[in-house]
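K.L.:
next come a sequence and a model predicted from it.
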Amino acid sequence: MNEVLREVLADALERLSDTEDAIGLLTVTGVDCSTDLRNAVVYLSSLSEAAAEVLDEHRLQLQRGIASQVRLKRTPKLAFAVDPAVVHGAMVDDALRRLAQPES
């Protein structure tokens with residue numbers, strides 16, 4: 001279910017980015033849907049404040065898109081967050097770069 005929602009939302013966000021400049025290039029890295037389908041967290045590669053506001057404004061539109069494309073018992077309420085794996089990966093990358101730099 002999570003993968004289906006990820007694909008639907010990725011397509012919807014791509015179309016939304018054509019009209020909303022604040023979104024820019026967002027990558028949907030994953031979706032974590034609750035077992036009762038009431039809530040879903042959409043993980044993104046990055047999320048600026050402006051993009052978060054636009055996504056919050058269009059949350060109901062995105063939920064309607066899910067309802068029209070996927071047959072579910074109920075459509076989950078969407079929440080958007082930065083993917084913690086991407087954040088941790090960036091921290092590890094920074095640490096490795098600091099280690100690789102020769103000391104003066």
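P.N.:
Structure's in. What do you need?

K.L.:
low pLDDT regions in this protein?
P.N.:
Counting by pLDDT under 70, the ranges of the chain that qualify are 87, 104.

K.L.:
need the helices for it, in chain order.
P.N.:
2-19, 49-57, 59-69, 84-100 (DSSP state H).

K.L.:
of all the ones you listed, which lies closest to R38?
P.N.:
R38 sits nearest to helix 59-69 of all these, at 11.8 Å, using CB to CB. Where you see a C-beta, it was placed from the backbone N, CA and C, and this is true even at glycine.

K.L.:
pull out the buried positions in the closest one.
P.N.:
L62, Q63, G65, I66 (16 or more other CB atoms under 10 Å).

K.L.:
from A22, how far off is the last one?
P.N.:
Meaning I66. 22 Å (CB to CB, to the nearest Å).

K.L.:
next: the second one.
P.N.:
Using CB to CB, one gets 20 Å for the distance from Q63 to A22.

K.L.:
then the third one?
P.N.:
With the distance defined as CB to CB, G65 ends up 19 Å from A22.

K.L.:
then the first one?
P.N.:
When distances are taken as CB to CB, L62 and A22 turn out to be 15 Å apart.

K.L.:
quick one, what contacts the residue nearest to K73 when sequence neighbours are not counted?
P.N.:
In space, and not counting its chain neighbours, K73 is closest to L37: 5.8 Å by CB to CB, 6 or more residues apart in numbering. When contacts are counted by CB atoms under 8 Å, 6 or more residues apart in numbering, L37 touches M1, L72, K73, R74, T75, P76.
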